[in-house]
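>>> generate a structure from the sequence data that follows.
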Amino acid sequence: MGKTIRINGVDVPVIDDMLSGRDIKRAAGLPQERVLVRQDDDRNVIVPDDQRIRVADQQQFTHHARHSKAMTTLDPRRLRIRHEAAQLAYAYPGLTVADDESWLHIPSSGSRHTGSRTAPPC
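Model (predicted):
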């Protein structure tokens with residue numbers, strides 16, 4: 001039996017009870033690069049393209065652009081940079097790292113941590 005789901009306040013008719021994120025985006029005419037989000041009463045849940053979910057009549061969804069930092073895996077170089085920046089941040093509380101991790105700024109030596117503690121293990 002057909003149902004109607006709502007995506008950003010727009011009614012979208014669907015026929016099946018079980019749909020993938022890709023199926024829902026296709027039915028709503030959304031570009032595949034958008035991220036589909038199911039809006040539950042107590043939380044929002046991302047619906048991956050390949051995940052099949054049971055849809056209810058009048059179920060609420062939204063969508064948004066895929067965030068540029070939404071990576072499924074980190075390459076070894078980025079992982080190393082993040083690890084090293086975390087260690088430096090302990091000694092230099094004002095440490096700033098560029099969003100694209102192309103540079104970092106270490107504040108003047110006056111703000112350096114001078115205690116005897118060692119950095120926590122990662």
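>>> residue 12 against residue 19, yeah?
No - Residue 12 is not in contact with residue 19 according to Cβ atoms under 8 Å; the separation is 10.5 Å. To be clear about C-beta, it is placed using only N, CA and C from the backbone, and glycine gets the same treatment.
>>> where in this protein is pLDDT low?
1, 67-74, 109-122 (pLDDT under 70).
>>> one more time with 80, if that's ok
Filtered on pLDDT under 80, the chain yields the residue ranges 1, 66-75, 77-83, 85-104, 107-122.
>>> which residues of it fall in strands?
For the chain, the strands defined by DSSP state E cover 3-7, 10-14, 18-20, 34-39, 44-47, 52-54, 60-65, 96-97, 104-105.
>>> identify the contacts common to residue 12 and residue 19.
Listed as contacting both residue 12 and residue 19 by Cβ atoms under 8 Å, 6 or more residues apart in numbering are residue 27.
>>> looking at the two, which is more packed in?
Legend: neighbour count by other Cβ atoms under 10 Å for residue 12 and residue 19, higher for residue 19 (21 against 18).
>>> for the more buried one, which non-adjacent residue is spatially closest?
Nearest residue to residue 19 in three dimensions, chain neighbours excluded: residue 55, at 5.6 Å (Cβ to Cβ, 6 or more residues apart in numbering).
>>> how about the one you found, phi and psi?
Main-chain torsions, residue 55, degrees, to the nearest 10: phi -100, psi 140.
>>> ok, it - contacts?
Contacts of residue 55 (Cβ under 8 Å, 6+ apart): 3, 5, 14, 16-19, 24.
>>> wait, residue 92 sits on residue 108?
No - between residue 92 and residue 108 there is no contact under Cβ under 8 Å: 9.4 Å.
>>> of those two, which one has the most company?
residue 92 (19 against 8).
>>> how much space between residue 57 and residue 13?
Look at residue 57 and residue 13: by Cβ to Cβ, to the nearest Å, they are 10 Å apart.
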